[in-house]
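**Student:** Provided below for reference: sequence and predicted model.
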Amino acid sequence: MRLSRRTMLAGSAALTGSFAIGGCGPRGDRAARDADVIVLGAGLSGLHAARILSAAGMDVLVLEASSRIGGRMVTLDHLPGAPEAGGEQVGRGYARAHAEAAALGLEFEDFAPSRFGEQLVVDGQRIAASEWPASQLNQLPEAMRGLSPHQLFFGLVARHNPLPDVYAWREEAWQSHDIAAEDFVRSLGANDAAVSLMDATLNAGRLSTYSMMNVWRSLTLYNSERELGPSQRVRGGSQRLPEAMAASLPRPVRTDARVVAIETDDTGAAVRLESGETLRADFLVSALPFPVLRALDVSAPVSAAQAEAIDGLPYTPIVQLHLEAETPFWEEDGLAPEMWTNSPLNRIFARRDADGPTGMFTCWIDGMDALAADGRSEAELQALVSEIFAAARPASEGRLRLREVIRWTPSNAHAGGAYMHWAPGQISHWAEPMIRPAGRLFIAGEHASHLHTGMEGAMEAGERAGVDILDMAGA
C-alpha cells in the first residue's frame, strides 16, 4: 500500500498539509463536490451501502473498475446452464440478502442433490469412498482411517470447537486458540499423510499459514446456519442480485472507472481515476478487497494497524475450470460424476438441475495448486484436464472441453483473490482496528464483517459503513 507519511498518524482525526491528488484534494467549495458519498466497488457490500445511503436522501456515486456489476458474484450466462463463477450459496440466516432480494422481486431455489465425495482420486488412482478405510492408499493414523479425504479436516476438528457463539472469535478471552491449523491437527495425531490430504483442497494456502480461529469461526457460523435449513441460490443466477441492486439506485453505477488514488481529510474526500479525472465527495466508502486497495495511492488517517492489515491480510487464491462434457461418460461407467481429488484439479463438481447432471463441470482449485494453475495457459489447462480425467475415468477420454477459466488469484486486478482468510495471530491485532473509519474513509467488503462471512458478511459490512456515515453526517 503506497501510503503517504501523513497516513501513518495513528488515530488522527484530520490531515494537514498538501495532498497527493495534484492539488485537487478534498478541500474546496461544497459546490465542487460530485456526490455526497463516493462508493468504490459495485459488489454486494458497496451496493448495499449505496442503497442505504440513497434511501436516506444522500447523493451516492458508485464507481466500479471493471465493465460489469457484481464483484465476486459472477454468473456465466454464456455457458450452458449458466454456472456460477463466484458466490452462490445463500444461507437461510442471510437476512440482508433475503430482504434485498425480496424488495427487488428476486426469488431463491434449492440446490439439486449432489453425490460429491462418493468418488475419490488419490495419488492418481480412483477409488470409491466406501473402499477408502481399507485401501492401501490410506496412510492415515488408525484413529483417522475412517475419515474420507473430503471430510478429513473438518471431520477431525469439528468436535473440538471451543467457541460458544458467533461473537467469541474476536474476544480476547479466546485468542489463545488463534494458532496455526497444522499445529492443531498434529496435536490431535495427524501425520504427514493427513496434513498432505488436508492441504490438497484447503480454502486457504496451507494449514501452516491458516488460523485455527478462522476455522472455529466458520464452524460456529455453519452450525447456526444448519439449524435454519440448507442453503439456497438466487433463481436465475447470483449476479442477478447485485444487478438489481445497482438498477435500483438513483444514480447509475459508473463502470470502467478505475481509481488510482484516494485521499480524505476533515473536510471531505477525493479520488483520482486512471483517466486523470478527480471526483470529490463528503465521504468515501471503500468496498475494495484489500489486495486492490493496497495497490492504490492512499492518503488518509489510517492507523498503523489498519495499514498493516491492508498490506498483509491474506486472500485465498482459487482457479475455476468450467468444463463441458460432449457425452455423459458417467452413464457409461456408472459412477457419480463428481470427484474429490488430490490432483492439480482438486475438487470436481458436476452442475445439476432437476433432471440430474447437465454435463457442465467445475474444477475448483484452491491454494498452492491455484497459484500453479494460474501460471498455465488455457491450452495447458485443457491438456491437464484431459490427462487427469482420462486416467481416473477412461470413459471421459477426449470428451471434456474447457469452456472458461476463472482466476480469483493475485493476477486478477479487480479482486486479488477469492476471499480473505486469517493467518495465525492476526485476529487480535487487526480484526477490530482495520474496520474503523479513517477520518472520512469507511471500510466495507466481506473482509470487514464481524458476525457473518460470504454474501451476508459483505452486506453486513456495507450496512455498517452506511450507518456510520449517516451518524457522522447527522442524518
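**Tutor:** Now that the structure is in, tell me what you want to look at.
**Student:** from here on, contacts and neighbour counts on C-alpha atoms
**Tutor:** Noted.
**Student:** report the buried residues of stretch 99-114.
**Tutor:** Glu100, Ala101, Leu106, Phe108, Ser114 (16 or more other CA atoms under 10 Å).
**Student:** hmm, the third one is touching Pro242, no?
**Tutor:** Put plainly, it is Leu106. No - using CA atoms under 8 Å, Leu106 is not in contact with Pro242; the gap is 10.9 Å.
**Student:** helices of the stretch 51-200 of the chain, start to end?
**Tutor:** All helices of the stretch 51-200 of the chain, identified by DSSP state H, counting those that start in this stretch, fall at 95-103, 152-157, 181-187, 192-200.
**Student:** hang on, the earlier thing: export the buried residues of stretch 99-114 as TSV, with columns for pLDDT and distance to Glu326.
**Tutor:** Putting those into TSV (pLDDT from 0 to 100; distance: CA to CA, whole Å) gives the following:
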residue	pLDDT	distance to Glu326
Glu100	97	39
Ala101	97	36
Leu106	98	33
Phe108	96	30
Ser114	95	21
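**Student:** what's the closest of the residues you listed to Arg170?
**Tutor:** Glu100 (27.7 Å; CA to CA).
**Student:** distance of the closest one from Ala129?
**Tutor:** Going from Glu100 to Ala129 by CA to CA, to the nearest Å gives 40 Å.
**Student:** cool, Arg399 as well?
**Tutor:** 25 Å.
**Student:** Ala354 too?
**Tutor:** Ala354 is 25 Å from Ala129, by CA to CA.
**Student:** give me the more crowded residue out of the two.
**Tutor:** Between Ala354 and Ala129, counting by other CA atoms under 10 Å, Ala129 is the more crowded of the two (20 against 10).
**Student:** surely Glu378 is in contact with Val405?
**Tutor:** Yes - between Glu378 and Val405 there is a contact under CA under 8 Å: 7.3 Å.
**Student:** give me the more crowded residue out of those two.
**Tutor:** Remark: of Glu378 and Val405, Val405 carries more neighbours, 19 against 16, as counted by other CA under 10 Å.
**Student:** please name the nearest non-neighbouring residue to Ala85.
**Tutor:** Val74 (5.2 Å; CA to CA, 6 or more residues apart in numbering).
**Student:** so the one you found makes contact with Ala82?
**Tutor:** No - using CA under 8 Å, Val74 makes no contact with Ala82, being 9.8 Å away.
**Student:** tell me which of these two has more neighbours.
**Tutor:** Each of Val74 and Ala82 has its neighbours counted (other CA under 10 Å); Val74 has more, 22 against 15.
**Student:** and the more buried one, what does it touch?
**Tutor:** Residues near Val74 by CA atoms under 8 Å, 6 or more residues apart in numbering: Glu84, Ala85, Gly86, Gly87, Ser238, Gln239.
**Student:** how does it look with 6 Å?
**Tutor:** Contacts were defined as CA atoms under 6 Å, 6 or more residues apart in numbering; by that measure Val74 touches Glu84, Ala85, Gly86, Gln239.
**Student:** who wins on neighbours among the residues you listed?
**Tutor:** Most neighbours among the contacts of Val74, by other CA under 10 Å: Gln239, with 27 neighbours.
**Student:** which pLDDT value goes with that one?
**Tutor:** Note on Gln239: pLDDT of 98.
**Student:** what is the neighbour count of Gly32?
**Tutor:** Check again: residue 32 is Ala, not Gly. Residues within reach of Ala32, counting by other CA under 10 Å, total 12.
**Student:** quick check: the nearest residue to Pro289 once chain neighbours are set aside vs Asp369, distance?
**Tutor:** Among residues not flanking Pro289 along the chain, Ala415 sits closest, at 6.0 Å (CA to CA, 6+ apart). Distance, Ala415 to Asp369, using CA to CA: 18 Å.
**Student:** what's the end-to-end length of stretch 272-291?
**Tutor:** By CA to CA, the extent of stretch 272-291 from end to end equals 18 Å.
**Student:** what does stretch 413-424 give?
**Tutor:** In stretch 413-424, first residue to last residue: 26 Å (CA to CA).
**Student:** ok, and what's touching that stretch?
**Tutor:** Contacts for stretch 413-424 (CA under 6 Å, 6+ apart): 178-180, 209-211, 214, 291, 314-317, 408-410, 447.
**Student:** and it, average pLDDT?
**Tutor:** Rounded mean pLDDT across stretch 413-424 is 96.
**Student:** where does this protein have low pLDDT?
**Tutor:** Along the chain, the model assigns pLDDT under 70 to residues 1-31, 475.
**Student:** please repeat the previous calculation with a cut-off of 90.
**Tutor:** Along the chain, the model assigns pLDDT under 90 to residues 1-32, 203, 205, 226, 354, 474-475.
**Student:** any idea which strand is longest in it?
**Tutor:** Looking across the chain with DSSP state E, the single longest strand is strand 356-366.
**Student:** that strand pairs with which strands, parallel or anti?
**Tutor:** strand 318-325 (antiparallel), strand 347-353 (antiparallel) (DSSP bridges).
**Student:** can you state the direction angle for that strand and helix 192-200?
**Tutor:** Comparing the axes of strand 356-366 and helix 192-200 via axes from the mean of the first three to the mean of the last three CA atoms, to 10 degrees yields an angle of 110 degrees.
**Student:** CSV please, covering the strands paired with strand 356-366 and showing distance to Thr220.
**Tutor:** Output for those, formatted as CSV (distance: least, CA to CA, whole Å):
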stretch, distance to Thr220
strand 318-325, 24
strand 347-353, 24
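**Student:** hey, which of these is tucked in deepest?
**Tutor:** strand 318-325 (a mean of 24; mean count of other CA atoms under 10 Å).
**Student:** contacting residues around it?
**Tutor:** Applying CA under 6 Å, 6+ apart, the contact partners of strand 318-325 are 359-366, 370, 399-408.
**Student:** show me which positions of whichever helix or strand comes after that strand end up buried.
**Tutor:** Proceeding N to C from strand 318-325, the next assigned helix or strand is helix 329-333, under DSSP states H and E. When neighbours are counted by 16+ other CA under 10 Å, the buried residues of helix 329-333 are found to be Phe329, Trp330.
**Student:** export helix 329-333 to PDB, keeping only CA atoms.
**Tutor:** Presented in PDB, the C-alpha positions along helix 329-333 are these (Å, rounded to 0.1, in the frame of the first residue of the first chain):
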ATOM      1  CA  PHE A 329     -19.500 -40.600 -19.700                       C
ATOM      2  CA  TRP A 330     -20.700 -41.100 -16.100                       C
ATOM      3  CA  GLU A 331     -23.600 -43.100 -17.500                       C
ATOM      4  CA  GLU A 332     -21.100 -45.400 -19.200                       C
ATOM      5  CA  ASP A 333     -19.000 -46.100 -16.200                       C
END
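**Student:** neighbouring contacts of it?
**Tutor:** Here helix 329-333 has contacts from Pro337, Ala395, Ser396, using CA under 6 Å, 6+ apart.
**Student:** mind listing which of those are in helices?
**Tutor:** Among the contacts of helix 329-333, none falls in helices (DSSP state H).
**Student:** among the residues you listed, who's most crowded?
**Tutor:** For the contacts of helix 329-333, neighbours tallied by other CA under 10 Å; top is Pro337, 23 neighbours.
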